[in-house]
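Trainee: Could you look at this predicted model? Sequence included:
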Amino acid sequence: MEIKKLGEFALIDLIKVDTIHNKENVVIGIGDDAAALIPAPHHLQLVTTDMLVEMVHFDLSTTSAWQLGYKSIAVNLSDIAAMGGQPTHVVISIALPSYLSVDFVVSLYEGMKEICHEFGVNIVGGDTVSSPNGLVINVTAMGEVDPKKLQRRSGAGVGDLVVVTGALGDSGCGLELLQQGKWTEHGFFQPLVTRHVTPRPQVTAGAMIASSGSTSMNDISDGLASEANEIARASHVGMRIYAEMIPLSAEVCAAARALGKDGLEYALYGGEDYQLVFTIPPQQFSLLSQADLGTKLTVIGEVIEERHGVLLVDEDGAESLLEPKGYNHFRQ
Ligand SMILES: Nc1ncnc2c1ncn2[C@@H]1O[C@H](COP(=O)(O)OP(=O)(O)O)[C@@H](O)[C@H]1O
Ligand SMILES: Cc1ncc(C[n+]2csc(CCOP(=O)(O)OP(=O)(O)O)c2C)c(N)n1
Ligand SMILES: [Mg+2]
Ligand SMILES: [Mg+2]
Ligand SMILES: [Mg+2]
């Protein structure tokens, strides 16, 4: 059905069902002039927002409505995870072009509700408007964190280890496979595409890392090179990152070979992995590495003095400056 047949208010009524997954902290959700929420005592309130724009962040010829809904929430929960927090609520604004159907919007919200349900997050409001050109989705996520566990980008100290969760580069490579039309639904490379279209935010790992004495943390949206440099700049330190230690999946190595590319390039500059990069003193890391975080941890380097800069060490031991060259909106 066309959206204009239904109109704005009936569309919101459709969206409204099954949006509260954790009733205890909501007084008013969708349906009033503002949501009314109950903050957790003795916790800090986290607020973050990320916007997704058609043909900048997604292409509807390669991403389904459900996947897009899932991802638009995931990228926001990832920023809450990078602060060491637990996500609690989201507010969702959508600008809808006339070529989309009511079914598309329902499916978009099914993807959103699935991930919100998974992480116990409430959808407490939003805004619905028309767009003359292209779909835009803006999500604001709220979360809470114990002040003692709050993770900034600015706490890294010389001698700390640099550690990442999961494997890097899958999403960037998955995007390239999609763009080149080089993937099959059930093929070997399918996991790369899945990680690009439906990334999983590292919420559990982020909270455990934050409880273990980590000194800084960032999520990887723009690529490791960019995010590591952000930590270094905020913390006034340098880093030595060993190329050989950066975790790459078997799939990205094989796909990169098939594409005539280097898997490492996707990890450093591809972005959208939504894994975490953090720094932690060696003693604390040896304790953390014994815990089950539901994902693997890999030490990729160490924090050094600021005057050295952020260095990448290749397999021959040669060092070069690792430029913050990841995804940059005005420099593609
Ligand atoms: N248009 C804006 N107005 C105000 N603050 C902004 C705007 N864009 C980005 N920021 C802030 O700049 C910082 C960096 O943003 P960004 O690079 O998007 O972070 P992330 O990669 O964690 O999503 C964040 O604190 C964010 O809230
Ligand atoms: C159609 C399409 N083109 C390009 C990309 C690649 N891309 C778009 S935005 C982005 C970086 C992450 O998004 P951003 O808005 O910078 O998130 P933030 O850093 O604020 O979390 C990347 C790698 C994509 N996902 N889809
Ligand atoms: Mg952002
Ligand atoms: Mg972000
Ligand atoms: Mg970015």
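Mentor: Cool, got the structure. Ligands and ions are numbered 1, 2, ... in the order given.
Trainee: Pop out the phi and psi values for Thr49.
Mentor: Here is the backbone geometry of Thr49 (degrees, to the nearest 10): phi -140, psi 140.
Trainee: Distance check, it against Ala250.
Mentor: Distance, Thr49 to Ala250, by Cβ to Cβ, to the nearest Å: 35 Å. (Each C-beta comes from the backbone N, C-alpha and C, glycine too.)
Trainee: When the two are compared, which one has more neighbours?
Mentor: Higher neighbour count among Thr49 and Ala250: Thr49, with 14 against 11, using other Cβ atoms under 10 Å.
Trainee: What's the separation between the residue of the stretch 151-300 of the chain found nearest ligand 4 and Asp292?
Mentor: Nearest residue of the stretch 151-300 of the chain to ligand 4: Ser221, at 4.5 Å (Cβ to the ion). Per Cβ to Cβ, Ser221 is found 26 Å from Asp292.
Trainee: Those two: which has the busier surroundings?
Mentor: Ser221 (21 against 8).
Trainee: Contacts only, for that one.
Mentor: Residues in contact with Ser221 (Cβ atoms under 8 Å, 6 or more residues apart in numbering) are 50, 75, 78, 227, 271-272, 274, 327.
Trainee: Mind pulling up the pLDDT for it?
Mentor: Note on Ser221: pLDDT of 98.
Trainee: Check the spacing between it and Leu135 real quick.
Mentor: Ser221 is 20 Å from Leu135, where distance means Cβ to Cβ.
Trainee: pretty sure Gly238 is in a helix, no?
Mentor: No - going by DSSP: H, G, I helix; E, B strand; the rest coil, the assignment for Gly238 is strand, not a helix.
Trainee: ok, the nearest residue to it once chain neighbours are set aside to ligand 4 distance?
Mentor: In this structure, Gly238 finds its nearest non-sequential neighbour in His308, 3.9 Å apart by Cβ to Cβ, 6 or more residues apart in numbering. From His308 over to ligand 4 the distance is 28 Å, taken as Cβ to the ion, to the nearest Å.
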